[in-house]
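Trainee: Based on what follows, work out the 3D shape:
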Amino acid sequence: MAYSIGELARRTGVNVETIRYYDRLELFGKVSRSPAGRRVFESQDVDTLLFIRHCRELLFSIDNIRELLPLRGKGPCSTVRVIAARHLEELRVKLKVLTSLEKKLSEAVSRCPGDASPDCSVLALLQAPERHLSYA
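Mentor: Down below sits the predicted model:
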């Protein structure tokens with residue numbers, strides 16, 4: 001069955017512009033065109049796009065997705081595991097950074113008087129983050 005880009009978007013919940021972006025990156029492989037030059041997607045493209053969407057929801061990078069796409073249904077699982085483990089470690093590092101940033105911003109917001117005074121802890125944090133933020 002053939003799908004227009006709009007129908008593909010409706011079926012997958014992925015924005016049309018995002019689908020065009022993935023097409024430009026050739027994540028679908030070679031997409032057929034109608035005589036009018038419009039993209040024509042096939043049933044397997046629905047599955048591919050759903051796979052990509054789920055990967056993106058788990059914050060896999062485009063490069064990771066490019067590695068994972070040809071492994072679907074074929075494996076080897078050991079290669080998939082290596083990619084996923086590497087991504088998991090990257091997420092853990094980012095989570096540590098985000099936790100630190102959340103703590104610093106939370107402290108600044110709680111110290112902020114929220115009145116008309118020029119002494120604002122949030123602005124102090126934003127103006128001199130090197131004194132207030134630790135990324136470790």
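
Trainee: now the helices: where do they sit in the chain?
Mentor: Taking DSSP state H to define them, one finds helices in the chain at 5-12, 16-24, 43-57, 62-68, 77-111, 121-127, 129-132.

Trainee: How far off centre is the first one?
Mentor: Right, helix 5-12. Offset of helix 5-12 from its chain centre (CA atoms, centre = their mean, to the nearest Å): 19 Å.

Trainee: rewinding a little: compare the helices of the chain and give me the one nearest G37.
Mentor: Set against G37 and scored by CB to CB, these come closest in helix 5-12, at 11.9 Å. In this view, the C-beta of every residue, glycine as well, is placed from N, C-alpha and C.

Trainee: circling back: mean pLDDT for the helices of the chain - can I get that in TSV?
Mentor: Shown next, in TSV, are these (pLDDT from 0 to 100):
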stretch	mean pLDDT
helix 5-12	96
helix 16-24	96
helix 43-57	96
helix 62-68	97
helix 77-111	95
helix 121-127	89
helix 129-132	64
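
Trainee: Export these as TSV, with columns for mean neighbour count.
Mentor: Listed next are those as TSV, based on neighbours: other CB atoms under 10 Å:
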stretch	mean neighbour count
helix 5-12	16
helix 16-24	15
helix 43-57	16
helix 62-68	15
helix 77-111	12
helix 121-127	14
helix 129-132	10
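
Trainee: Which among the ones you listed is found nearest to S32?
Mentor: Once the helices of the chain are compared by CB to CB, helix 43-57 is nearest, at 9.6 Å.

Trainee: what packs against the closest one?
Mentor: Counting contacts by 3 or more CB pairs under 8 Å, 6 or more residues apart in numbering; DSSP states H and E, helix 43-57 packs against helix 5-12, helix 16-24, helix 62-68.
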